[in-house]
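Colleague: Below are the sequence and a predicted model; questions follow.
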Amino acid sequence: MKPLPLNTSALRIAAWCGPALVVLFFLGLVVIAGYIPPPSPSASAEQIASWYRENTTAIRIGLLVVSIGVALQAPWGASIAVWTRRGESNYPVLTYTQLICLGFTLVDAFFMAMVWGVASFRPDEVAAESTRMWNDFGWFLYLWTWPPFSVWCLAIGLGIIWDKSGAPAFPRWFAYYNFWIAFLLIPAGLMIFFKHGPFGFNGLIAFWMPTAVFFVWMLVMSWMLLRAVSAEEARARVPSSSAPMDVPQESAEHA
Amino acid sequence: MEFSPVSSPTSAPLTEHLSADGTQTQPRRTTHIPGEVGTWVFILGDMAVFALLFGVFIYYRGKEPALYAASQLEVHRGFGAINTLLLLTGSLFVAAAVQAIRSQIRRIAQVAIGVALVCGAEFLLNKILEWTDLVANGHVPAGNNFFMYFFMLTGLHAFHLLVGLGILVAMFALSRKPSLSKGQFAFFEGGACFWHMVDLIWVVLFALLYLVHS
């Protein structure tokens, strides 16, 4: 069967969903709703509830923006999987692993926005303790759910290391970058033990470090995806033009 | 071809480093990076995180110097010292294993990695005994800030050590092969570097948690 022509538009749109997600998360969580910087885990129920009561509209708008951003993770994550799928055999276990983790993390992030949305739904009618519980629940969905994110990064990294295609879409060092991210998310799990300090859900080690490296990873990954699309385009051009002069250029691009 | 310019050993030229009489020869040694470049992205990145954790520890120690000093006297320096010795010994044998593989003396490589594995496992056993003893004496992570950091940092390090043991097992399996491909050799060297990193982080942790006294 003759392979279908390459649709680089779809691949490029999917890759750009990454930066778009980061921007929407930043707008929603930081600028509009104000979830970041996070409240203290030791804040009283009354403090948390009054924050929801006083900023209800901003919080709701921010969360709506975030929930739109979450949906963009679907094309973005799928577009990572297609590139590592190319390097796997007919038993693409790493690709499937990626897709399952992608599905989970998307639902997770969506639930985070929804759970906070519930907290902002009627903060003046329910008990302050209930509002704080939903607020805590949201932070658990943000940080406590790190393992599938780590497995996702590991599956991408191993897919790059074990690429059998002969023309890998990503450079090998990028695999190790993914392994590093998988390790860096680990401290997020410590948040369950602490109500203050660097390991609490507003702390340097449990919150800021995983958050910073994860969103930077999304941007670097998006850049790598765009680079892979361009390289594939160049490769697709070669057989039709059959100009031997193109060959060294093409291989240089993949070096 | 990401790493060919810097990662010189290939399956064929492995023996190039040492000539028949064991003296060093000159070939292409100029810019050899052990493992592959990506390994160092991971190792330097991981060390940066530990550096950050050390900084956090020192910052919070500065806030409660008396508490940290008093709590530090409760941990067993003997455990720490023995564990330091175990890891340094393990590192020496891992380095020897890499040299042995380069010289294609597989038997020695296998024994050396076996010794390193025993050292690592013994470290972990000591660690578990130490933790159990501390908890039995009422020094739990939630007890005070010193013990929170003590358990967090040693626990995070122990997790790295556990990953390192897995890598050593894989290296042991590789050392049983008649010959290694370029990629396998890079893994062998990179694995050794990871083990050295686990060792290095422990040396700093030992000083910071057991010794440094204000």
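Modeller: Here it is on my side, so go on. None of these values were measured; they are calculated from a predicted model.
Colleague: Run through the residues of chain A sitting next to chain B.
Modeller: If contacts are counted using C-beta under 8 Å from any C-beta of the partner chain, the residues of chain A sitting beside chain B are A:171-177, A:179-180, A:183-184, A:186-187, A:190, A:193-194, A:197-199, A:204-205, A:209, A:255. (Each C-beta comes from the backbone N, C-alpha and C, glycine too.)
Colleague: Show the buried residues in those residues.
Modeller: Applying 16 or more other C-beta atoms under 10 Å in any protein chain shown to the residues of chain A next to chain B, the neighbour count classes A:171-177, A:179-180, A:183-184, A:186-187, A:190, A:194, A:197-199, A:204-205, A:209 as buried.
Colleague: Check residue B:120 and give its pLDDT.
Modeller: The predicted local confidence for residue B:120 comes out at a pLDDT of 96.
Colleague: Please give me every residue in contact with it.
Modeller: If you count contacts by C-beta atoms under 8 Å, 6 or more residues apart in numbering or on different chains, residue B:120 has them with B:86, B:87, B:90, B:161, B:164, B:165, B:168, B:195.
Colleague: for these, which one is nearest residue A:223?
Modeller: Closest to residue A:223 out of these is residue B:164 (31.5 Å), distances taken as C-beta to C-beta.
Colleague: What's the first helix or strand after the helix or strand encompassing the closest one?
Modeller: Assessed by DSSP states H and E, residue B:164 sits inside helix B:145-175. Scanning forward in sequence from helix B:145-175, with DSSP H and E defining helices and strands, the next element found is helix B:182-206.
Colleague: Which elements pack onto that next one?
Modeller: Applying 3 or more C-beta pairs under 8 Å, 6 or more residues apart in numbering or on different chains; DSSP states H and E, one finds that helix B:182-206 contacts helix B:37-63, helix B:77-102, helix B:145-175.
Colleague: Now do the shortest one and helix B:182-206, the angle between them.
Modeller: Note on geometry: by axes from the mean of the first three to the mean of the last three C-alpha atoms, to 10 degrees, helix B:77-102 and helix B:182-206 are set 160 degrees apart in direction.
Colleague: Show me which residues of chain B sit near chain A.
Modeller: Going by C-beta under 8 Å from any C-beta, the residues of chain B near chain A are B:1-3, B:36-42, B:45-46, B:49, B:52-53, B:56, B:60, B:141-142, B:145, B:148, B:152, B:156, B:159.
Colleague: residue ranges with poor pLDDT in chain A?
Modeller: Applying pLDDT under 70 to chain A flags the ranges A:1-2, A:239-255.
Colleague: Show me the residue at the heart of it, geometrically.
Modeller: Geometric centre of chain A, nearest residue: residue A:218, 5.7 Å, by C-alpha atoms, centre = their mean.
Colleague: which ones are touching that one?
Modeller: Listed by C-beta under 8 Å, 6+ apart, the contact partners of residue A:218 are A:18, A:19, A:21, A:22, A:76.
Colleague: What distance do you get for the second one to chain B?
Modeller: In this case it means residue A:19. Residue A:19 sits at a distance of 22 Å from chain B (criterion: C-beta to the nearest C-beta, to the nearest Å).
Colleague: in which helix or strand would I find that residue?
Modeller: When elements are defined using DSSP H and E, residue A:19 is found to belong to helix A:8-25.
Colleague: Would you mind pulling the contact partners of the helix or strand following that helix?
Modeller: Helices and strands here follow DSSP H and E; after helix A:8-25, the next one along the chain is helix A:45-54. Where contact means C-beta under 8 Å, 6+ apart, the residues beyond helix A:45-54 that reach it are A:39, A:59, A:119, A:120, A:123, A:124, A:127, A:128, A:129, A:131, A:132, A:135.
Colleague: now swap in stretch A:129-146 and tell me
Modeller: Applying C-beta under 8 Å, 6+ apart, the set of residues contacting stretch A:129-146 from outside is A:35, A:38-39, A:41, A:43, A:45, A:48-49, A:52, A:104-105, A:108-109, A:111-112, A:115-116, A:118-119, A:123, A:185-186, A:188-189, A:191-192, A:201, A:206-207, A:210.
Colleague: what do you get for stretch B:47-64?
Modeller: Under the contact criterion C-beta under 8 Å, 6+ apart, stretch B:47-64 has outside partners A:183-184, A:197-198, A:204-205, A:209, B:68, B:145-146, B:149, B:153, B:156, B:197, B:200-201, B:204, B:208, B:214.
Colleague: and the nearest residue to residue A:197 once chain neighbours are set aside, what does it touch?
Modeller: Nearest in space to residue A:197, with sequence neighbours left out and distances taken as C-beta to C-beta, 6 or more residues apart in numbering or on different chains, is residue A:203 at 5.8 Å. If a contact means C-beta under 8 Å, 6+ apart, then residue A:203 has A:191, A:194, A:196, A:197 as its contacts.
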